[in-house]
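> Okay, here's the prediction I keep looking at, along with the sequence it came from:
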Amino acid sequence: MCTFAQVFAAQPAGIVQQENVPNMIAEVGKSVVNVQTDRSFRSRRWRPPDFFEQYFTDFFERKDSEPRTIECQGEGTGVIIDAGGLVLTNTHVISDAETIRIVLNDKTVLPASVIGKNEKEDLALLKIEGERTFSAIRFGDSNSVKPADDVYAIGTPYGYSQTVTKGIVSAVHREFKRGGKVIYDDVIQTDASINPGNSGGPLLNSNGEMIGMIYLGDWRGEGIGFAIPVKKIENMITELKSSQKAYERQANFKRRFGFAPVEEKGKDGEKQLVIAHVLSQSIADKSGLKIGDVLVKFQDQYVRGLEHLIEEALKVTPGKRVYLEISRQKRTFFTYIEVRS
């Protein structure tokens, strides 16, 4: 016969004792990284019209504003998932990034590149550059998570790296909605403190295993955060790895030509290539390409899609001029780019 005290003191197998939690967090912290990004955006500042400019305005662009480039930095959190340096984070953490840096637990800063992204599920897979062995996090079983389970979150809220917060699982299989539309389904809800910069960090169970990846906190109230279950993440890692070759081709195109196009449907329902990003001070920037321009022709060939463009573009030898036909606000103009090596 057991006494009440004996029953109360019994601990499930495999659960870390409370006094060992700091050691557990310290060990897991070796697998949690700060993801830093550099981005640049073009903005326009209004200025009063000049009398002469009314008659000498460039045909393709109004001159009543001055373009300027805004440089900004962003940061979030990531998790090392294998000893070779693969890092999981949220897509929105590295969106439009021109450069990515990984800051390890020991403050070492290393460059990283994107292996693959899943925009819909907001997951991105990065690869840390450099030859060394990394400490990988352990995955737990998110299917066994229950409301009221203790959980811990590690991240970089507002730039404070390796910040640890504690909470419980508030709900499982939760739908996250925005404006009545379901954005993500089957997520874990927690009351552990989640702030900007926590995105991409791990949600841990009491055994130091990752059971979810922090997605966001609900700004409408405190103590409402969401994490993508690790079981869903495991099912997508293979997909992310398989997209590495395609992403490398796109990254190579962006590096050589200075801009990144994406496929979109036009007003007529036909597929078109829209310039989504222009590298600051690149040859594309100096050639006058703007975000939102539609690429119509590449070297006198109509562009059929992103893969067709990349296939033709990567055939061009370095130093050669490439002529582009661009559509902007129902106007057409031509420019050229000198291909980088």
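Now that the structure is in, tell me what you want to look at. Numbers count the residues shown, from 1 in each chain.
> Against residue 325, how distant is the residue positioned nearest the centre of the chain?
For the chain, the residue sitting closest to the mean C-alpha position, by Cα atoms, centre = their mean, is residue 91 at 2.5 Å. Computed as Cβ to Cβ, to the nearest Å, the residue 91 to residue 325 distance reads 31 Å. Where you see a C-beta, it was placed from the backbone N, CA and C, and this is true even at glycine.
> got it, and residue 103?
Distance from residue 103 to residue 325, by Cβ to Cβ: 43 Å.
> now do residue 98
For residue 98, the distance to residue 325 - Cβ to Cβ - is 26 Å.
> neighbour count winner among those two?
A count of neighbours by other Cβ atoms under 10 Å puts residue 325 above the other of residue 98 and residue 325, at 18 against 14.
> that's a strand at the more buried one, yeah?
Yes. Counting by DSSP: H, G, I helix; E, B strand; the rest coil, one finds residue 325 located in a strand.
> wait, it sits on residue 334?
Yes. In this structure residue 325 lies within contact range of residue 334 using Cβ atoms under 8 Å: 5.6 Å.
> Now do the SS call for the closest residue to residue 340 other than its chain neighbours.
Using Cβ to Cβ, 6 or more residues apart in numbering and skipping residues adjacent in sequence, the residue nearest residue 340 is residue 256, 4.8 Å away. Three-state assignment for residue 256 (three-state DSSP): helix.
> Which residues are in contact with residue 256?
Contact analysis of residue 256 by Cβ atoms under 8 Å, 6 or more residues apart in numbering lists 313-314, 318, 339-341.
> Tell me the span between the first and last residue of stretch 145-165.
18 Å (Cα to Cα, to the nearest Å).
> now it, how far from the chain's geometric center?
Relative to its parent chain, stretch 145-165 has a centroid offset of 20 Å by Cα atoms, centre = their mean, to the nearest Å.
> buried residues in it?
Buried residues in stretch 145-165, counted by 16 or more other Cβ atoms under 10 Å: 145, 149-157, 161-165.
> I'd like to know how far residue 288 sits from residue 336.
From residue 288 to residue 336 the distance is 10 Å (Cβ to Cβ).
> let me fix that: residue 255
Counting by Cβ to Cβ - residue 255 and residue 336 are separated by 18 Å.
> ok, now residue 319?
Applying Cβ to Cβ to residue 319 and residue 336 gives a distance of 13 Å.
> Those two - which one has more neighbours?
A side-by-side neighbour count of residue 319 and residue 336, using other Cβ under 10 Å, places residue 336 first with 13 against 9.
> Just checking: what are the partner strands of the helix or strand hosting the more buried one?
Taking DSSP states H and E as the definition, residue 336 sits inside strand 331-338. Here strand 331-338 is paired, per DSSP bridges, with strand 321-328 (antiparallel).
> where does the stretch 201-341 of the chain have low pLDDT?
Scanning the stretch 201-341 of the chain for pLDDT under 70 picks out 217-221.
> Which residue ranges of it form strands?
In the stretch 201-341 of the chain, the strands defined using DSSP state E, counting those that start in this stretch lie at 202-204, 210-217, 225-229, 259-265, 271-278, 294-298, 301-302, 321-328, 331-338.
> Packed most tightly, which of the ones you listed would that be?
A comparison of the strands of the stretch 201-341 of the chain by mean neighbour count, using mean count of other Cβ atoms under 10 Å, puts strand 202-204 on top with a mean of 30.
> Can you list the strands that that one pairs with?
strand 150-155 (antiparallel), strand 210-217 (antiparallel).
> Give me the angle between the first one and strand 225-229.
With axes from the mean of the first three to the mean of the last three Cα atoms, to 10 degrees defining the directions, strand 150-155 sits at 90 degrees from strand 225-229.
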